[in-house]
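**Student:** Sequence unavailable; structure follows:
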């Protein structure tokens, strides 16, 4: 059900007349995209893409290799703890001592290595003792929750204060201050840092670009083939005509790609880009028809009701996005309210207030109809002016805080995104009864995106917009065209095919692995020789060092183990069962007490791992290290799809949540904004991610 699913989920109704929609939800077949949309991490994935794109567009250095490695380094300890907290939250519990545990174990390592026995001991023994102590604290938390029946946030809050007090007392008594320094100068510290917290610096790799492109293209092809394998019905034999057309498409795409990389100039780039896109479309459609069963199309069915309105409004939004650069100059960096003439400011205020009053009246109409007019009118007389005043103040404040440059970017983004969403929604709605209209709307959407890309390329002053964003939009338009033509010509699979599904999953995993490997190669190697670095500096550019730190690998290892345990073992089933309903889990034989104690111990041990990495990385630990970070761990888990009530969540989603928070920190610094603004940014991301999770899960479940 991959092709067309996005548009279907965005439509107002989710009624599927196919017989499979009436089947038991436990055995009904779902396409790959539908399975993704009901996954816990979908909100975090969408949020990560949006946050990365936002800072990529607003910060000049964000998105470069050294910047990427920097925010990954920031995300590593946060991600390690987010994995553990996600497991605990899925199990239905919280641990408010998780943040202070990182600082407590780091302080313990430093104090033992420096002062234990008078002159300190080998830091390896200190780290071992810290892990034993952390495990004991985790066991205590789990034991108290099980034995007393107290809420876990009460028990762990008490542990939080105890650990913080012990940290302060020990550091002041032994070190004479609230920090422990010179940890790396102790016996065995540098050796252990080389083993546990090593740093790799990458400079030049001559085959980097070629290997990067080869792995990404090969991985993308394998991933796409896996999607098609899971979406369509296999045909009995291979169509030789379609196979020949697919080879022709492959040749055209290869020629276009080669020429695109060897020629310069706008005209040549557009020409060979179109050749490559046309070849990719022909390759995808012909390969699908050669391997899987095509279907007969209906091109003359009437357009469904409401489709044309969405198409018109969507095209209007994209048109306005293309025209936005005309009145709003990107070089104007003054507040919007100052830029607007004094005569227009009262009009803006009045219009905003009128809109607020209108919205309030419209929201109150159902209540007035349902209840007595006498009781609701006085309430409306107070509510409507209040809403009007609130909206007026909000709009004027927004215009005062926003610059013309910022308003220009936000308006283009909102109009373009809204237009594309409406067009895709119209395409999905049209596909329920008319494949012809579905094809027309889908291809029109691709053309509209391509036109918008050309406008952005002509208008943008930044190189990254003229190249990176333009290329991404062209690829997106090509994918929409391919998806639309596949919807038009291919028969979607409605029943399960274990062999095809298994092959598709393996191809997707292999494709993702290859593409990720290519991206890693592209990020970690700067490919700058000393001579090239000097040229970049002479041209006014900046040259950063690509440093990959071992905590990132520890994060990946912890995430892999956590995901495997949660999804592939009986302990993972027990965690979900305990978080969903511990009484029911106990009734079917799940060792609820052992599961909870194990989860608390895992959180404490991961806190000790993060504390060890911090101590070996910086060599100095403050006594308040980690205090307050427990809320960031919980935010990362919630953004990743974990429910506060337990029984639902994802380790991968928690890792994405940690990445979002690290990108926000690094992105705010890169833009030069006030660093305290990241807290407001994180609050907005948290709310939006939860809303996206709930919306997509609801729509996907309705479409079964």
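**Tutor:** Received the coordinates, thanks. Just so it is clear, the model here is predicted, and its values are computed rather than measured.

**Student:** drop to CA atoms for contacts and neighbour counts, all remaining ones
**Tutor:** OK.

**Student:** what are the ranges of the strands in the stretch 51-200 of the chain?
**Tutor:** Assigned by DSSP state E, counting those that start in this stretch, the strands in the stretch 51-200 of the chain fall at 179-180, 199-202.

**Student:** Same check on the chain?
**Tutor:** Secondary structure of the chain (DSSP state E): strands at 179-180, 199-202, 546-549, 621-622.

**Student:** Lowest average pLDDT across those strands?
**Tutor:** Among the strands of the chain, strand 199-202 has the lowest mean pLDDT, at a mean of 76.

**Student:** Could you save the strands of the chain as a markdown table and add columns showing mean neighbour count?
**Tutor:** Listed next are the strands of the chain as a markdown table, based on neighbours: other CA atoms under 10 Å:
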| stretch | mean neighbour count |
| --- | --- |
| strand 179-180 | 22 |
| strand 199-202 | 14 |
| strand 546-549 | 22 |
| strand 621-622 | 22 |
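
**Student:** Residue 173 is nearest to which of the ones you listed?
**Tutor:** When the strands of the chain are compared by CA to CA, strand 179-180 sits nearest residue 173, at 11.0 Å.

**Student:** Now tell me what touches the closest one from outside.
**Tutor:** Residues outside strand 179-180 that contact it (CA atoms under 8 Å, 6 or more residues apart in numbering) are 107, 110, 111, 171, 172, 620, 621, 622, 623.

**Student:** Equivalent analysis for stretch 586-595, please.
**Tutor:** By CA under 8 Å, 6+ apart, the list of residues contacting stretch 586-595 reads 142, 143, 146, 571, 574, 575, 577, 578, 582, 585.

**Student:** Report the mean per-residue pLDDT for that stretch.
**Tutor:** Mean pLDDT, computed over stretch 586-595, is 92.

**Student:** Which positions within that stretch qualify as buried?
**Tutor:** 590, 592, 593, 595 (16 or more other CA atoms under 10 Å).

**Student:** circling back to that earlier point, and residue 694, which of the strands of the chain is closest to it?
**Tutor:** Residue 694 lies closest to strand 546-549 among the strands of the chain, at 35.7 Å (CA to CA).

**Student:** Listing partners with orientation, what would you give for that closest one?
**Tutor:** Strand 546-549 has the following strand partners under DSSP bridges: strand 199-202 (antiparallel).

**Student:** sorry, back to before: kindly give a single PyMOL line that selects the buried subset of the contacts of stretch 586-595.
**Tutor:** In PyMOL syntax, the buried subset of the contacts of stretch 586-595 is picked out as below (16+ other CA under 10 Å):
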select buried, resi 142+143+146+574+575+577+578+582+585
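
**Student:** got JSON lines for the contacts of stretch 586-595, with distance to residue 76 too?
**Tutor:** Output for the contacts of stretch 586-595, formatted as JSON lines (distance: CA to CA, whole Å):
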{"residue": "142", "distance to residue 76": "26"}
{"residue": "143", "distance to residue 76": "29"}
{"residue": "146", "distance to residue 76": "31"}
{"residue": "571", "distance to residue 76": "25"}
{"residue": "574", "distance to residue 76": "27"}
{"residue": "575", "distance to residue 76": "24"}
{"residue": "577", "distance to residue 76": "29"}
{"residue": "578", "distance to residue 76": "28"}
{"residue": "582", "distance to residue 76": "32"}
{"residue": "585", "distance to residue 76": "34"}
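
**Student:** mind listing what's buried in stretch 605-618?
**Tutor:** By neighbour count with 16+ other CA under 10 Å, stretch 605-618 contains the buried residues 605-617.

**Student:** Lowest-confidence member of the residues you listed, which is it?
**Tutor:** Within the buried residues of stretch 605-618, pLDDT is lowest for residue 617, at 85.

**Student:** who are the neighbours in contact with it?
**Tutor:** Residues near residue 617 by CA under 8 Å, 6+ apart: 193, 197.

**Student:** ok, which pair from the buried residues of stretch 605-618 is furthest apart?
**Tutor:** The span of these, defined through CA to CA, is set by 605 and 617 at 18.2 Å.

**Student:** report the longest helix in this structure, please.
**Tutor:** If you go by DSSP state H, the chain has its longest helix at helix 373-401.

**Student:** Remind me what that helix packs against, helices and strands.
**Tutor:** helix 336-339, helix 344-370 (3 or more CA pairs under 8 Å, 6 or more residues apart in numbering; DSSP states H and E).

**Student:** quick one, it and helix 344-370 angle?
**Tutor:** 150 degrees (axes from the mean of the first three to the mean of the last three CA atoms, to 10 degrees).
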